[in-house]
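> here is a sequence with its predicted model. Questions after.
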Amino acid sequence: MKDDVSTKTDVIVVALAVDDSALASRLTALLLGVHGLRLARAGERADVTLSASVPEREPAEIEHTLTRREVEVLTLLAEGASNKAIARRLGISVHTAKFHVGQLIDKLDATGRTDAVAHAARLGVIHL
C-alpha cells in the first residue's frame with residue numbers, strides 16, 4: 001500500500017529583499033549553511049521572501065546618542081539583568097538604573113526592555 005505523504009525532502013527556496021547590503025550579506029552567509037534551504041537565483045520564484053527596509057536611524061547615529069553608561073546598562077539588559085542587578089553591578093542606585101533603562105527605551109524607540117535589546121541588536125549596537 002502506497003503512502004500519500006511524500007518522503008522526498010523538499011528544499012525551501014528563499015529570496016532576500018533587503019535594502020541594507022551589510023545585512024543582506026550577513027543573512028546570505030547564515031542561510032547558506034542551513035540544511036533544506038536554498039537562496040533564490042535572480043528572477044527565480046521563491047517559496048518565501050525575507051524582507052527588511054533600512055532603519056530610520058543608522059546604527060552609527062544610535063551609538064553616538066547613547067552614553068557609555070547606557071551601553072553598559074544595555075549590555076546588562078541583554079543578559080536579562082533586573083534594575084536591582086544592574087545597580088549592583090554598576091555601583092549605582094536602583095533609581096539611576098531605572099532612569100538609564102527608561103532613557104534607552106526612549107532613545108531606541110522601544111516598547112520595553114526586551115524590545116530595546118532587540119532593537120539594539122538589529123541595529124548592531126550590541127551583539128548577542
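Cool, got the structure.
> where is the longest helix in the protein?
helix 94-107 (DSSP state H).
> and the residue lying closest to residue 100 once chain neighbours are set aside, how many neighbours?
Using CB to CB, 6 or more residues apart in numbering and skipping the chain neighbours, the partner closest in space to residue 100 is residue 73 (4.3 Å). Glycine gets a C-beta too; all of them are placed from N, C-alpha and C. A total of 27 residues lie near residue 73 under the criterion other CB atoms under 10 Å.
> mind checking pLDDT for residue 73?
Per-residue confidence at residue 73 stands at 94 (pLDDT).
> likewise residue 6?
Residue 6 is given a pLDDT of 43.
> and residue 38, by the same measure?
Per the predicted model, pLDDT is 90 at residue 38.
> please apply the same query to residue 41.
Note on residue 41: pLDDT of 88.
> and it, how far from residue 13?
Using CB to CB, to the nearest Å, residue 41 is found at 9 Å from residue 13.
> okay, those two: which has more neighbours?
A direct count of neighbours by other CB under 10 Å for residue 41 and residue 13 places residue 13 higher, at 16 against 9.
> measure the more buried one to residue 116 for me?
Per CB to CB, residue 13 is found 35 Å from residue 116.
> domain parsing for the chain?
12-52, 59-123 (automatic domain parsing).
> where exactly do the helices run in the protein?
Counting by DSSP H, the segments of the chain that form helices are 21-32, 59-65, 68-78, 83-90, 94-107, 113-123.
> for these, which one sits closest to residue 48?
Across the helices of the chain, residue 48 has its closest neighbour in helix 21-32 (10.9 Å, CB to CB).
> how about residue 117, what does it touch?
Listed by CB atoms under 8 Å, 6 or more residues apart in numbering, the contact set of residue 117 reads 74, 77, 78, 126, 128.
> burial check on the nearest residue to the fourth one once chain neighbours are set aside, number of neighbours?
The shortest distance from residue 126 to any non-neighbouring residue, by CB to CB, 6+ apart, is to residue 120 (4.8 Å). Neighbourhood size, residue 120 [other CB under 10 Å]: 27.
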